[in-house]
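>>> pasted the sequence and its predicted model underneath.
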Amino acid sequence: MFRLLGVLVTVLFAIASAVVVWPQFFQLEQTYPFAQLVAVRGLVLAAFLAIALLSLLLLLARPLRGFAASILIVALLAAAATGAIGAMRGFGTGTLPEKTDASVRVLTWNTAGEAVAAETVADAVLAQQADVVTLPETAESVGERIAVMLREQGQPMWVHHVRFGDVENGPQAWETTILISPELGDYSVIASSEDGSSNTSSVPSAVVMPLSGTGPTIVAVHAVAPRIEAMEHWQSDLKWIADQCPEGDFILAGDFNATLDHMAGLGTGGGDMGYCRDAASRTGTGVTGTWPASYPEILGAPIDHVMASQNWEPTGSLVLDASGSDHRALVVQLDPTG
């Protein structure tokens, strides 16, 4: 009886491990609780290693050796698979190559309202030579203060903004701000972003297009978090984001509240979201956690992204330590492919 129970537990553990390691095979990557578990692959890896260690200790007990050995094998295989996925996407904090005249640097940072001072954001923009800055949870007034500081330092930027709700001093989670260098041309927020008729569900994203018709359309992304009560809104947000990158010239950047695993099935033509490809996973920082900033990078969730259409080649990425926010900042360098 005990042996049969051990076999049953081992089989269930193997199935559960497979679902946790690669939920998209079972089409469960956007289903609670697997969506939450796969977001933190570092923690999952640590859990499998802990189970393997416990199984090693159980090998000392003769009656449990068979059961412990089978659990050990499953745990080690799951840990190896999780580690291999992480190694392919990249555990590092990254580096940026030398910027060329054709390069575009994109910085995204969920600032959690004014948890990050405008001066801190401006310093980061200057230090990283960013051309595009997407700031979920940042008020237009804060963006304007940042732009003034940048102008005084010889790096002017235009400010664009979207807000949900009519409350003038409402939560900054209802706002998203974008700064764009004049060197990229003149941009304008499209009307459907501002009135919410085509947007993410609960917190705003912003689609800005070049007035000249040339240059990338830029989408500052902010998807709702996948809380239990918001799973349907989260799923629809991800689908909306993927729809914002058809064939053409596009850059998506912001707080996706999703990892690459959650995006399985949303890519087209080799893209991760629509035709857009994730930059961090192609430049060695794809598993480095950007949230929560209070956790070590290896244990956090990489939910902040910069993605670009295939006329752009990601040549470097850098995860920056947070200063007040619960998110780390991400900087990516994009170079034209042609």
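The structure has been received and is ready for your questions.

>>> CA atoms for contacts and neighbours, from now on please.
Noted.

>>> can you list the domains in the protein?
2-89, 94-336 (automatic domain parsing).

>>> deepest of those domains, which one?
Each of these was assessed for mean neighbour count using mean count of other Cα atoms under 10 Å. The highest is domain 94-336, with a mean of 21.

>>> redo the domains of the chain as TSV? Include mean pLDDT.
Shown next, in TSV, are the domains of the chain (pLDDT from 0 to 100):
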stretch	mean pLDDT
domain 2-89	93
domain 94-336	95
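
>>> how close does residue 28 sit to residue 262?
Between residue 28 and residue 262 the distance is 9 Å, computed by Cα to Cα, to the nearest Å.

>>> report the set of residues contacting both of those two.
Taking Cα atoms under 8 Å, 6 or more residues apart in numbering as the contact rule, residue 28 and residue 262 both touch residue 35.

>>> who's in contact with residue 177?
134-140, 143, 159-162, 206, 220.

>>> one more: residue 212?
Neighbours of residue 212 in contact, by Cα under 8 Å, 6+ apart: 185-186.

>>> and what of residue 125?
With contact set as Cα under 8 Å, 6+ apart, residue 125 has these partners: 107, 133.

>>> got the residue ranges for the helices in the stretch 151-300 of the chain?
191-195, 231-243 (DSSP state H, counting those that start in this stretch).

>>> give me the element residue 123 is part of.
helix 118-128 (DSSP states H and E).

>>> coming back round to it: out of the helices of the stretch 151-300 of the chain, which gets nearest to residue 40?
Closest approach to residue 40 among the helices of the stretch 151-300 of the chain is made by helix 231-243 (17.4 Å; Cα to Cα).

>>> restricting to C-alpha, output that closest one in CSV.
In CSV, the C-alpha atoms belonging to helix 231-243 read as follows (Å, rounded to 0.1, in the frame of the first residue of the first chain):
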residue,chain,number,x,y,z
MET,A,231,-7.2,37.5,-14.7
GLU,A,232,-9.6,38.1,-17.6
HIS,A,233,-8.6,41.8,-17.9
TRP,A,234,-5.0,40.8,-17.8
GLN,A,235,-5.5,38.3,-20.6
SER,A,236,-7.3,40.8,-22.7
ASP,A,237,-4.6,43.4,-22.0
LEU,A,238,-1.9,41.0,-23.3
LYS,A,239,-3.9,40.4,-26.4
TRP,A,240,-4.4,44.1,-27.0
ILE,A,241,-0.6,44.7,-26.6
ALA,A,242,0.2,42.0,-29.1
ASP,A,243,-2.2,43.6,-31.5
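
>>> circling back to that earlier point, nearest to residue 308, out of the contacts of residue 177: which one, please.
residue 220 (12.1 Å).

>>> how about that closest one, what does it touch?
134-136, 176-178, 205-207, 252-254.

>>> ok, the closest residue to residue 160 other than its chain neighbours to residue 222 distance?
Distances taken as Cα to Cα, 6 or more residues apart in numbering place residue 178 nearest to residue 160, at 5.0 Å, with adjacent residues excluded. In this view, residue 178 and residue 222 are 12 Å apart by Cα to Cα.

>>> ok so, going back, so which of the contacts of residue 177 is the closest to residue 69?
residue 136 (48.1 Å).

>>> confirm for me that that closest one is in contact with residue 110.
Yes. Contact criterion Cα atoms under 8 Å: residue 136 and residue 110 qualify, at 4.8 Å.

>>> so residue 45 is in which element?
helix 41-58.

>>> against which helices or strands is that helix packed?
helix 65-89 (3 or more Cα pairs under 8 Å, 6 or more residues apart in numbering; DSSP states H and E).

>>> who are the packing partners of the helix it packs on?
By 3+ Cα pairs under 8 Å, 6+ apart, helix 65-89 packs against helix 2-21, helix 41-58.

>>> make it 6 Å
Helices and strands touching helix 65-89, by 3 or more Cα pairs under 6 Å, 6 or more residues apart in numbering; DSSP states H and E, are helix 41-58.

>>> run the angle between the helix it packs on and helix 2-21 for me.
For helix 41-58 against helix 2-21, the angle by axes from the mean of the first three to the mean of the last three Cα atoms, to 10 degrees is 160 degrees.

>>> CA atoms only: put helix 41-58 into PDB for me.
Coordinates of each C-alpha in helix 41-58 appear next as PDB, following Å, rounded to 0.1, in the frame of the first residue of the first chain:
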ATOM      1  CA  ARG A  41      11.600  31.000 -12.400                       C
ATOM      2  CA  GLY A  42      14.400  31.800 -10.000                       C
ATOM      3  CA  LEU A  43      12.100  30.900  -7.000                       C
ATOM      4  CA  VAL A  44      10.900  27.800  -8.800                       C
ATOM      5  CA  LEU A  45      14.500  26.700  -9.500                       C
ATOM      6  CA  ALA A  46      15.300  27.200  -5.800                       C
ATOM      7  CA  ALA A  47      12.200  25.200  -4.800                       C
ATOM      8  CA  PHE A  48      13.100  22.300  -7.000                       C
ATOM      9  CA  LEU A  49      16.700  22.300  -5.600                       C
ATOM     10  CA  ALA A  50      15.300  22.300  -2.000                       C
ATOM     11  CA  ILE A  51      13.100  19.300  -2.800                       C
ATOM     12  CA  ALA A  52      16.100  17.500  -4.300                       C
ATOM     13  CA  LEU A  53      18.100  18.200  -1.200                       C
ATOM     14  CA  LEU A  54      15.300  16.900   1.000                       C
ATOM     15  CA  SER A  55      15.100  13.800  -1.100                       C
ATOM     16  CA  LEU A  56      18.800  13.200  -0.600                       C
ATOM     17  CA  LEU A  57      18.300  13.300   3.100                       C
ATOM     18  CA  LEU A  58      15.400  10.900   2.800                       C
END
